[in-house]
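>>> Sequence and computational prediction follow.
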Amino acid sequence: MPVFAVLAHAEPQLLARLVDRLAPHPVIVHIDARSPGQEFAGLPRTVYVRDRVPVRWGGFSVVEATVRLFETAVEVAAPREHVVLLSGQCYPARPVKEFADYLDKAPFRQHCHAALLLDGTPAAGQVLRRWYFDHIPVGSGPLYPARVAARRTVAALAPRRRPDAFGGFAPVAGSQWIALTADCVADLLERAADERLVRAFRHTQAPDETFFQTLLWSSRWRAEVADPELRPRSGRVTADFANYHYVDRSLLGIRTIHDLPMIEESGKYFVRKVSAGGSAELLDALDARIRC
């Protein structure tokens, strides 16, 4: 039986709706420490991470929150049960029972598509340049253009990392949203405590798409992914590495009722990114589709 691990930061009503649709499976939730946790409290079958992290998009704080989430999840999940990572803005596109059956019957156990990041293309700048999303955060407001300019200036001028900064690990990139067995997660958590590796990834761009992925692909667990051959990224975008989500290739905006045909055609089990208001018609349509 899968255990769902959810990173949430906003829209408590949407999280409540998601938890309801994930029944009867247990849910572990990390609420961004910058959000009032009491607004998300009291959901059924839900365990809340107590030691919360203030999360900044694109920063290593996302990895730190995921570590706390995984630490709690492995206390709940049996060793060969899957820990399924979701956000509070993901939503089932098919019955959750079908997804649980898929995890149980798939010929591979670790759901983590990825590709080599240091392939000589500009994408390598994601980990070789120094980005400071935790210190110069993303977000709207009058200082938004100045923050963007500051991050880009620092990334352009600061000394770049050498590939050997990763201690023999070959950095890979993939989707943030992965499903791993609890015994795999427990092993990766031990490796994630290596301070040298933490320093190497701390000021990379979007380490949530590289940190655990690199740990897995540099371990024995790589033999349990769908295709363990490591290939260059070669211009592929994050959406190309989706494991069980429908993800719009632009990665922009929220999904609406107009996306329903593409979601259905994809055959994926979840969709992201949705909101309670802007995606209301889509969420209702997905609920109706699942009940049929």
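Thanks, I have the structure now.
>>> who's in contact with the helix or strand harbouring residue 16?
In this structure, residue 16 is located in helix 12-21 according to DSSP states H and E. By C-beta atoms under 8 Å, 6 or more residues apart in numbering, the residues outside helix 12-21 that reach it are 6, 8, 27, 29, 39-40, 43-46, 86, 88-92, 96, 274-276, 283, 287, 290. Glycine gets a C-beta too; all of them are placed from N, C-alpha and C.
>>> where does residue 277 land in three-state SS?
coil (DSSP: H, G, I helix; E, B strand; the rest coil).
>>> Check the spatially closest residue to residue 180 that is not a sequence neighbour and give its pLDDT.
Distance criterion C-beta to C-beta, 6 or more residues apart in numbering; nearest residue to residue 180, sequence neighbours excluded, is residue 110 at 5.3 Å. For residue 110, the model assigns a pLDDT of 98.
>>> what number of residues lie near residue 110?
Neighbour count of residue 110, defined by other C-beta atoms under 10 Å: 23.
>>> just to revisit the earlier point, narrow the contacts of helix 12-21 to those that are buried.
6, 8, 27, 29, 40, 43, 46, 86, 88-92, 96, 274-276, 283 (16 or more other C-beta atoms under 10 Å).
>>> Please narrow those to those residing in strands.
6, 8, 27, 29, 46, 86, 90-92 (DSSP state E).
>>> from these, which is closest to residue 60?
Taking C-beta to C-beta as the measure, residue 8 is the one of those closest to residue 60, at 18.8 Å.
>>> mind listing what the nearest residue to the closest one once chain neighbours are set aside touches?
Nearest-residue entry for residue 8: residue 88, 3.1 Å, with adjacent residues in sequence omitted and distances by C-beta to C-beta, 6+ apart. Counting by C-beta under 8 Å, 6+ apart, residue 88 makes contact with 6-11, 14-15, 18, 29.
>>> Please apply the same query to residue 45.
Contacts for residue 45 (C-beta under 8 Å, 6+ apart) come out as 19, 22-27.
>>> I'd assumed residue 200 was in contact with residue 210.
No. Assessed by C-beta atoms under 8 Å, residue 210 is found out of contact with residue 200, at 10.3 Å.
>>> Which one's more surrounded, these two?
residue 210 (24 against 21).
>>> so where's the protein uncertain?
Along the chain, segments meeting pLDDT under 70 span 292.
>>> center of it - which residue?
residue 176 (2.8 Å; C-alpha atoms, centre = their mean).
>>> Ramachandran angles for that residue?
Backbone torsions for residue 176, taken as degrees, to the nearest 10, come to phi -60, psi -30.
>>> contacting residues for it?
Contacts of residue 176 by C-beta under 8 Å, 6+ apart are 62, 85, 206, 208-209.
>>> Could you dump the residues you listed into CSV with secondary structure, neighbour count and distance to residue 33 added?
CSV is the format used below for the contacts of residue 176 (DSSP: H, G, I helix; E, B strand; the rest coil; neighbours: other C-beta atoms under 10 Å; distance: C-beta to C-beta, whole Å):
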residue, secondary structure, neighbour count, distance to residue 33
62, helix, 23, 12
85, strand, 28, 19
206, coil, 20, 20
208, helix, 23, 16
209, helix, 25, 22
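>>> Which members of these are the farthest-apart pair?
Taking C-beta to C-beta as the measure, these have their most distant pair in 85 and 206, spaced 14.6 Å apart.
>>> Ends of stretch 99-118, what's the gap?
Using C-alpha to C-alpha, to the nearest Å, the end-to-end distance of stretch 99-118 comes to 33 Å.
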